[in-house]
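Participant: Please find the sequence and the predicted model below.
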Amino acid sequence: MKRNLFERSSARRVVGALAAAAIGVCVAAGPAAAQLNPSYKKYSASQIAKIFDNGDIHVLPVQGNIYMIVAGDVNVVAQVGDDGILLVDTGKKELAEKLIETIRLRFENKPIRFIINTSVRPEHTGGNETVVKFIRNRGLGSGGGTGGDGGGNNTFRLIAHETTSNRMNGLLPGETEAPADALPTSTFFTEKKKIYFNNEPIEIISAPAANTDGDLMVFFRGSDVIASGDVFRTDSYPVIDAKRGGTVQGTLDALNRILDITVPEFNEQGGTRIIPGHGRLCNESDVDDYRNWMTIIKYRVEDMVKKGMTLDQVKAAKPSLDFDGVFAGNAPYIEAAYQDLTTIAKAAPAAKAAPSRGGKTK
Amino acid sequence: MRHANRVKTVGCLMFLAALAAPSLRGTPVFAQGGGGAAASGATCDMSGEWSARSREDYEDRALMGTHLGDYTGMPINDAARLYGHTWDASILSLTTQQGIPHPGQYFMRGPGPNFRMSKVLDEKTQEVVGYSVIGMWGRADRMIWTDGRPHPPDFVESTWSGFSTGTCERGMLKVVTDHYKFGYHRRNGIPASVKAKATEYFVRHGDTMTHVQFTEDPVYLEEPLVRTTDFEINRNQNVGAPGLGFETVDEIATWPKGYVPHFALGTIPDEFAHNWGIPYEATQGGKETLYPEYLQKLKKMMAEQPKPAAAPAPKPAAAKPATKTSAAK
């Protein structure tokens, strides 16, 4: 039977418009919803209450196999299925025990098979040691490694960019060695690494010289979700760690890479979801806004650098004033842009200048 | 200045509106009232096909949007002003921008909107649990929940229409909305942040309805933006004709990857002031410009500014063609 286009599109639109609502209600009414699910009957009421909301930990079903775990002010991502659990990042050390408890309760004690660290930063790797010890206590040994150790069924892998691993091993200047259980067991240095887990292909994408020199993004192709790490966040300007090889342009390139992947469902919302390193669940238009604003700020700083303004003069000109009410941390971003544009970016082609227009310019 | 009187009289309007609708006074909150209100039909029933009366701010609302630099009537702050000054309508040519509908901070204002407001019923109990509102420009369809559910936490997605809950108050449907995406308060680059929250009142008088919206935006507004818009029932209207949403296409071939159109810092958008013979300062909005006291200051500025020998006479707004400086979309 030929289906009426309007009926279909209308229904999809209503679904799209209600997506956030449904997700919100799912979170808000978590315990009640859980009571309707027979698989949770084995838990006590207090355990059920923790399934969706465990104090500082909240679990938000996203789509497909993906859950966004809000751990304090950091997002951890869980891909869950018959094969077990894949975690993107482990959050801060102080919340690691609670994170494990939540995962264990919410996902019915499934084994954690993979951890992927998107960055060397402690808010993303801080829980590694605790989580890995938990995994070991369950009898899973660390397999893997860049040599391709098959490992069998009784293994897990902790994947990171090679540079991140080098930093965590204390091999680069200024870095200290992390505890042995916190260290990556599988690394790569190319554009991307591919794995297949829980019936979906997963691309682990390198974001060169973004916030650091070892940032990763994880694209769950079947679930259509990107875990962006800190190259995209909704709570602050990008935190460019120049000492660890971070650059503004690398961060902008990473944002553009995300926009290459994303496909909105309807009128710039829905479709591919992006889970930022910090902040709310997003889709393409949110990343687009962020990319646009950070690019515009870079353009402004670039214009000032061309005029020979000092960093203090640039800061005094408030090139991010229109976004400072939305994000925290403008000064470090401006400083990073200034440093990039006065050093590293000098060799790069100049960005297209802002077009002139009829209005006057000061 | 066009909004100034409205700002001052909104409270009176709402009071009078409630008085003028005696049949609606004192009605309980529907759905939340256990079904009794819904069963009796004595509710804040706003359902119907509604057409906007776009007779004020016609150019702004029904045509291509107002001019760059026209911030009259807007209680904006310096951050919003800077955003507007450097906003280039060419940004709408980015494929990531072409499909954006009007956001909830703005869409009840124009164009139209002509919309269908339908009761949403619980399938089992037939209780009214909300209203769907279909027809905002770009199909930013919205849902207003009236079943008492809470607003979601901050970490869930934002949408163009936001998350709305409604209650019946003194015959008016009061709607509170948050979780907006980043949008705009006016279609010429006045930004509306994700932190914006709106309180709306739908006030029905038979076949006409007044919509009052108070938008608070701690990022870009100095005080709430207040708008009133009138609608009338149109029984021959059927919004929501078949539509598959916007198709994005390649519009500009020469932009390098990652390029974002913008105007440089320091741009002064003074065409609007110049073309209409208004002191530039008076076109720049801010809460001061909303109140009657500002008229004295405006008169003084008008008297002091040079006689506009070269300034063209203002043309009737409705007949003024869109120019390259008009905001698109």
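Facilitator: Nice, I can see it.
Participant: Am I right that A:Val225 is in contact with A:Leu281?
Facilitator: No: A:Val225 is beyond contact range of A:Leu281, at 9.4 Å (criterion: Cβ atoms under 8 Å). The C-beta positions use only the backbone N, C-alpha and C, and glycine is treated the same way.
Participant: between these two, what contacts are shared?
Facilitator: Overlap between the neighbourhoods of A:Val225 and A:Leu281 consists of A:62, A:273-275, taking contacts as Cβ atoms under 8 Å, 6 or more residues apart in numbering or on different chains.
Participant: For the stretch 201-329 of chain B, which segments count as helices?
Facilitator: All helices of the stretch 201-329 of chain B, identified by DSSP state H, counting those that start in this stretch, fall at B:271-276, B:294-304.
Participant: is the first one anywhere near chain A?
Facilitator: Just to be clear, that refers to helix B:271-276. Yes: contact between helix B:271-276 and chain A, assessed by Cβ under 8 Å from any Cβ of the partner chain, occurs at B:Glu271.
Participant: what's the average pLDDT for that helix?
Facilitator: The pLDDT scores in helix B:271-276 average 93.
Participant: One more: the last one?
Facilitator: Per-residue pLDDT over helix B:294-304 has a mean of 93.
Participant: helices and strands around it, which ones?
Facilitator: Based on contacts counted as 3 or more Cβ pairs under 8 Å, 6 or more residues apart in numbering or on different chains; DSSP states H and E, there is no element that helix B:294-304 packs against.
Participant: pull the CA atoms of it into CSV?
Facilitator: In CSV, the C-alpha atoms belonging to helix B:294-304 read as follows (Å, rounded to 0.1, in the frame of the first residue of the first chain):
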residue,chain,number,x,y,z
TYR,B,294,13.3,57.4,25.8
LEU,B,295,11.1,59.5,23.5
GLN,B,296,12.5,62.6,25.0
LYS,B,297,16.0,61.5,24.3
LEU,B,298,15.1,60.4,20.8
LYS,B,299,13.6,63.8,20.1
LYS,B,300,16.7,65.5,21.3
MET,B,301,18.9,63.2,19.1
MET,B,302,16.6,63.8,16.1
ALA,B,303,16.9,67.6,16.6
GLU,B,304,20.7,67.5,16.9
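Participant: Following element in sequence after the helix or strand that contains A:Ile274, please.
Facilitator: A:Ile274 is part of strand A:273-276 when elements are defined by DSSP states H and E. Reading on from strand A:273-276 to the C-terminus, the next helix or strand found by DSSP H and E is strand A:282-283.
Participant: can I get the CA coordinates of the helix or strand following that next one in CSV?
Facilitator: Downstream of strand A:282-283, the first helix or strand assigned by DSSP H and E is helix A:284-306. Only the C-alpha atoms of helix A:284-306 are listed here, as CSV (Å, rounded to 0.1, in the frame of the first residue of the first chain):
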residue,chain,number,x,y,z
GLU,A,284,24.6,18.2,13.9
SER,A,285,23.4,21.8,14.4
ASP,A,286,25.0,22.0,17.8
VAL,A,287,28.3,21.0,16.5
ASP,A,288,27.8,23.4,13.5
ASP,A,289,27.2,26.3,15.9
TYR,A,290,30.3,25.5,17.9
ARG,A,291,32.4,25.1,14.8
ASN,A,292,31.1,28.4,13.4
TRP,A,293,31.7,30.4,16.6
MET,A,294,35.2,29.0,17.2
THR,A,295,36.1,29.7,13.6
ILE,A,296,34.8,33.2,13.8
ILE,A,297,36.8,33.9,16.9
LYS,A,298,39.8,32.6,15.2
TYR,A,299,39.2,34.9,12.2
ARG,A,300,38.9,37.8,14.6
VAL,A,301,42.1,37.0,16.4
GLU,A,302,43.7,36.5,13.0
ASP,A,303,42.7,40.0,11.9
MET,A,304,44.2,41.4,15.0
VAL,A,305,47.4,39.5,14.7
LYS,A,306,47.7,40.9,11.2
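Participant: Buried residues, helix A:284-306. List them.
Facilitator: Taking 16 or more other Cβ atoms under 10 Å in any protein chain shown as the neighbour-count basis, helix A:284-306 is seen to contain the buried residues A:284-305.
Participant: re earlier: mean neighbour count added to the helices of the stretch 201-329 of chain B, as a markdown table?
Facilitator: Shown next, in a markdown table, are these (neighbours: other Cβ atoms under 10 Å in any protein chain shown):
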| stretch | mean neighbour count |
| --- | --- |
| helix B:271-276 | 20 |
| helix B:294-304 | 12 |
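Participant: Burial check on the residue of the stretch 51-200 of chain B found nearest chain A, number of neighbours?
Facilitator: Relative to chain A, the nearest point of the stretch 51-200 of chain B is B:Pro152 (2.1 Å; Cβ to the nearest Cβ). Using other Cβ atoms under 10 Å in any protein chain shown as the criterion, B:Pro152 is surrounded by 22 other residues.
Participant: One more: A:Asp181?
Facilitator: For A:Asp181, which is what you asked about, the neighbour count (other Cβ under 10 Å) is 16.
Participant: so it makes contact with A:Phe134?
Facilitator: No: taking contact to mean Cβ under 8 Å, the distance of 9.8 Å between A:Asp181 and A:Phe134 leaves them out of contact.
Participant: got a list of what the residue nearest to the spatial centre of chain B touches?
Facilitator: By Cα atoms, centre = their mean, chain B has its centre lying nearest to B:Tyr106, at 2.6 Å. Neighbour list for B:Tyr106: B:183-187, B:192 [criterion: Cβ under 8 Å, 6+ apart].
Participant: Where does it fall, secondary structure wise?
Facilitator: With the criterion set as DSSP H and E, no secondary-structure element contains B:Tyr106; it sits in neither a helix nor a strand.
Participant: per-residue pLDDT, residue 7?
Facilitator: Defaulting to chain A. 34.
Participant: think we crossed wires, I meant chain B
Facilitator: Reported pLDDT for B:Val7: 40.
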